[in-house]
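Visitor: structure for the following, please:
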Amino acid sequence: MMYTEIGKVLEVVGDDGDLIELKVQVGEQVEKAFHYQEWHQKKPAIGDFLLLNTTAVRLGLGTGGFHFVIHVLGPDRGGFHEVHTTAVSQQPGHMIKLRYTPLQRKMLAAEEEASPVHHLFHKHKQLQGLPVLIGELHSMLPVASSWFAHQSRMEKRPIPRLVYVMTDGGALPISFSSHVRQLKQSGWLHGTVTYGHAYGGDVEALNKYTALIAAKWVLEADAVIVCMGPGIAGTGTPYGHTGMEVGEIINAVRSLKGIPILMPRLSFADRRIRHQGLSHHTEGILQIAAMSPAVIPLSSIMNEEHKRTIQRQLEQWGIPEKHEIHWCEMSSEEIRSAIGLYPHSMKTMGRGLDDDPDFFSAVCAAAQYAWSLIHAPD
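Guide: Next comes the predicted model:
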């Protein structure tokens, strides 16, 4: 998915301290390259050899259509004595992810004209009531999936065709997720879609709208889970965290005629006051980012004191006037049974089920609500 070649610096065309424009010789060609000083300790000099990302130029693309310096090898090629080219799949594809960086790579987007499923994006523009579970933490993915597997076993029904849509709010390569590997091996996860600058899913998409359409119409999902890859960035400020994307996804699902179901970030074990009860992240998502209504399932197993805290937060934030609150009946034994089906340790922020039962019950409640939609009478 990436071309890398050796080039030699012929001229330093411009240097603003952060970005250096170079004229380089690559093979028989004299071409333009860019060097980001923040990526390197050494500045390139005339006569230096460079390891270059030449992907976009070799593909003749406009987007990202320059060479970018991966590494300054120095005047002796740094041990590279032959032109070094990483093999690139000859399959079609002109979408560039990690654009304009030394690591940019080309992908075949499902929406592209060269894609065998391109026609589906003309034919289908709605989700037709598809249940879409939306959360801000990657740890919610195995919890919700385990609940689907549990319900399938208890009701003797097939496991729904569950599709995971990974955003670019956390890790970008989906291969970094051990949960995705395990869920696919278990047969609980039917397929994956990556969009934005996240990459490596079974299907690649440009944006959240086409990712959702791909989940429904390319992978034929019965239900979808959308959340970022491992790792969330936060600052302790009301809106300064990557979880704010959840509100945007709620809007997208609703506008495409799907059912947005929030997996709320809920905990009474987190030592940080701002994350106790419903997290302040959830407050910002529902108050500010989500302009469309979402369903917010909550579990009945919370003790009365915790329920009162949650209800007080919801009322203070004006959530019931904007979103639909749904209390799900379930037992602690059911949740423990569901989590127990997962073959590896399941934790969130370092806490397991015994440490933080309300987090797990809230995600299971959201999954149960989705399950009930899947199996609702026609």
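Visitor: not counting the longest strand along the chain itself, show me its contacts.
Guide: If you go by DSSP state E, the chain has its longest strand at strand 4-15. Under the contact criterion CB atoms under 8 Å, 6 or more residues apart in numbering, strand 4-15 has outside partners 20-27, 30-33, 43-54, 67, 70, 73, 77, 80, 82-86. The way it works is simple: take the backbone N, C-alpha and C, and place the C-beta from them, glycine included.
Visitor: state the distance from residue 38 to residue 55.
Guide: From residue 38 across to residue 55, the span is 21 Å (CB to CB, to the nearest Å).
Visitor: all helices for the stretch 151-300 of the chain, in order.
Guide: Remark: helices assigned in the stretch 151-300 of the chain by DSSP state H, counting those that start in this stretch are 178-186, 208-213, 245-255, 280-284.
Visitor: put together a markdown table for the ones you listed, with mean neighbour count, distance to residue 165 and mean pLDDT on each row.
Guide: Formatted as a markdown table, the helices of the stretch 151-300 of the chain follow (neighbours: other CB atoms under 10 Å; distance: least, CB to CB, whole Å; pLDDT from 0 to 100):
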| stretch | mean neighbour count | distance to residue 165 | mean pLDDT |
| --- | --- | --- | --- |
| helix 178-186 | 16 | 11 | 95 |
| helix 208-213 | 24 | 5 | 98 |
| helix 245-255 | 23 | 9 | 97 |
| helix 280-284 | 23 | 19 | 89 |
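Visitor: need these in TSV with distance to residue 164, can you?
Guide: Listed next are the helices of the stretch 151-300 of the chain as TSV, based on distance: least, CB to CB, whole Å:
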stretch	distance to residue 164
helix 178-186	7
helix 208-213	10
helix 245-255	13
helix 280-284	21
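Visitor: quick one: closest of these to residue 335.
Guide: Residue 335 lies closest, by CB to CB, to one member of the helices of the stretch 151-300 of the chain: helix 178-186, at 18.0 Å.
Visitor: same for that closest one, what does it pack against?
Guide: Contacts defined by 3 or more CB pairs under 8 Å, 6 or more residues apart in numbering; DSSP states H and E place helix 178-186 against helix 140-155, strand 162-167.
Visitor: for that helix, output the C-alpha coordinates as CSV.
Guide: Taking Å, rounded to 0.1, in the frame of the first residue of the first chain, the C-alpha atoms of helix 178-186 are listed here in CSV:
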residue,chain,number,x,y,z
SER,A,178,-6.6,-7.3,20.0
HIS,A,179,-10.3,-7.2,20.6
VAL,A,180,-11.1,-7.1,16.9
ARG,A,181,-8.8,-10.1,16.3
GLN,A,182,-10.5,-12.0,19.1
LEU,A,183,-14.0,-11.1,18.1
LYS,A,184,-13.4,-12.1,14.5
GLN,A,185,-11.8,-15.4,15.5
SER,A,186,-14.8,-16.1,17.8
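Visitor: contact partners of that helix?
Guide: 138-139, 141-142, 145, 149, 164, 166, 174-175, 189, 192, 342-344.
Visitor: next, the angle from it to helix 140-155.
Guide: Counting by axes from the mean of the first three to the mean of the last three CA atoms, to 10 degrees, helix 178-186 lies at 30 degrees to helix 140-155.
Visitor: next one: helix 178-186 to chain centre, how far?
Guide: Relative to its chain's centre, helix 178-186 lies at 15 Å (CA atoms, centre = their mean, to the nearest Å).
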